[in-house]
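Peer 1: No sequence on hand, only this structure:
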């Protein structure tokens, strides 16, 4: 078997040669990191006034949108490759941002004032760099993280990584004579298509074909550049989560949580399995996470770390939930014979409610989507909807907090530290996010003011976005689109498109 080169020089060349545009990571949003830290008994720095460091920032696709919406916070990005850093700097200059900076540097050269960052983010870096860089990445987190800070480190993980390693070894053997990135990606897909197509003659072979088919599905769903830098990465070293935690301890850090809280819940398993987990883990959260990885054959993690000396409290605290705002895209279904109403999210799962107050809470969130609702107003809306204004607010508030906690655990409700951007109706002279206008000129993936990536596939929509600089009336927008030869540029169609862009979170006013 052939092995790809593992030098940092080779890594730098790969990222300079083939563009790897970065995008906002919702689970690495500082607001979400603050929520997770608060739920674990910490007092993290508020997102509106914090310092953030990203290791492996690329062209700033994650940091720049944060800097745009969190003007009083400071963001620093570091990346080994100079080409994406230069690309990101151009965007920063074009947007006139002064609270974000990107610099080209090896992670091993990062040295800042101790405890100077409230949040340190390393997405898609740890498993894809040499061993000494992985060690330095954790050391940087340990040195620079504030006392109540949170570090986000995503990485490939075992035991699922064993499957990816098997596939990589076969793939690199097959691609050993190819050097062109496009040819390597194309031939890798063809290789897995062949593996998946061969008729299985036994249960063993059927399972093997399923693995190949799943790998092909994942590659087909991604761009060629993404496949080149991820599936065909020169390095991809998975670790058990307990191994990462042990390495982190050597740098004064401890395991905090997974960034996606719903992945930590044993409720997805049967009662028998959940009971077994309780027995083998014996209230050891990290050990439980390791066994859950075994049960799921997990391949990827978004691990959160904090300082070792912190005393964490993972228990449910109603007062903590009451500090947050809630939002949910869950759609209500028809109640069953016993009045139980299902609420299904398009993202992760579903919850059911039979208590009228909880049903009212979910209906309120559904009607408010994509806006978030503060806990107090949500409680009042529930009481008003059920005609129970005279009941004990303390008891009802505790029940609502518990329901929101369970719904957040199920991935059906989002908890935020404050409101999220929404716009009911564009202004007389519609204004789009300056970042969205910039991105619309060069591609279809745009970043919303809610720090979410969205695809605007139609050329008319992207052309309209570029016109929305706050200087044009609707009539002038129609005129400009008509002059440019855009079909369906009638006043009615323009109004519909403006409403759609507003719903997506791309418009400021």
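Peer 2: The structure has been received and is ready for your questions. Since we're looking at a predicted model, the values are computed, not measured.
Peer 1: quick one: the strands in the stretch 251-400 of the chain?
Peer 2: All strands of the stretch 251-400 of the chain, identified by DSSP state E, counting those that start in this stretch, fall at 253-258, 300-307, 325-327, 331-332, 341-344, 350-353, 373-374.
Peer 1: Show residues contacting the fourth one.
Peer 2: Under the contact criterion CB atoms under 8 Å, 6 or more residues apart in numbering, strand 331-332 has outside partners 341, 342, 343, 344, 345, 346, 359, 362, 363, 366. Where you see a C-beta, it was placed from the backbone N, CA and C, and this is true even at glycine.
Peer 1: same deal with the first one?
Peer 2: In this structure, residues lying in contact with strand 253-258 by CB under 8 Å, 6+ apart are 36-37, 39-40, 42, 138, 141-142, 145, 150-151, 241, 244-245, 248, 264, 285-286, 289, 301-308, 310, 312.
Peer 1: got it, and the longest one?
Peer 2: By CB under 8 Å, 6+ apart, the list of residues contacting strand 300-307 from outside reads 27-28, 33, 36-37, 40, 42, 123, 141, 145, 147-157, 160, 241, 244-245, 248, 252-260, 293, 312.
Peer 1: Specify the angle between that strand and strand 253-258 in degrees.
Peer 2: Using axes from the mean of the first three to the mean of the last three CA atoms, to 10 degrees, the direction of strand 300-307 lies 130 degrees away from that of strand 253-258.
Peer 1: Could you give me the buried positions within the helix or strand of the chain with the lowest mean pLDDT?
Peer 2: Using mean pLDDT, DSSP states H and E, the weakest-scoring helix or strand in the chain turns out to be helix 8-17, at a mean of 73. Going by neighbour count (16 or more other CB atoms under 10 Å), the buried part of helix 8-17 is 11, 12, 14, 15, 16.
Peer 1: so can I have CSV of the strands of the stretch 251-400 of the chain showing mean neighbour count and distance to residue 396?
Peer 2: CSV is the format used below for these (neighbours: other CB atoms under 10 Å; distance: least, CB to CB, whole Å):
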stretch, mean neighbour count, distance to residue 396
strand 253-258, 22, 29
strand 300-307, 22, 32
strand 325-327, 22, 15
strand 331-332, 14, 20
strand 341-344, 19, 18
strand 350-353, 18, 14
strand 373-374, 18, 16
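Peer 1: Include mean pLDDT and distance to residue 281 when you put those strands into a markdown table, please.
Peer 2: Converted to a markdown table, these look like this (pLDDT from 0 to 100; distance: least, CB to CB, whole Å):
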| stretch | mean pLDDT | distance to residue 281 |
| --- | --- | --- |
| strand 253-258 | 97 | 13 |
| strand 300-307 | 97 | 17 |
| strand 325-327 | 97 | 29 |
| strand 331-332 | 92 | 35 |
| strand 341-344 | 92 | 30 |
| strand 350-353 | 90 | 25 |
| strand 373-374 | 97 | 35 |
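Peer 1: And the helices in the stretch 401-509 of the chain?
Peer 2: Along the stretch 401-509 of the chain, the stretches classed as helices by DSSP state H, counting those that start in this stretch are 434-440, 459-467, 474-483, 491-504.
Peer 1: What is the helix or strand just after the least confident helix or strand of the chain packed up against?
Peer 2: Of the helices and strands lying after helix 8-17 in sequence (DSSP states H and E), the nearest is helix 30-39. If you count contacts as 3 or more CB pairs under 8 Å, 6 or more residues apart in numbering; DSSP states H and E, helix 30-39 packs onto strand 117-122, strand 145-156, strand 253-258, strand 300-307, strand 414-416.
Peer 1: switch to 6 Å and redo it
Peer 2: The criterion is 3 or more CB pairs under 6 Å, 6 or more residues apart in numbering; DSSP states H and E, and there are no helices or strands that helix 30-39 contacts.
Peer 1: Next one: residue 267, what pLDDT does it get?
Peer 2: For residue 267, the model assigns a pLDDT of 81.
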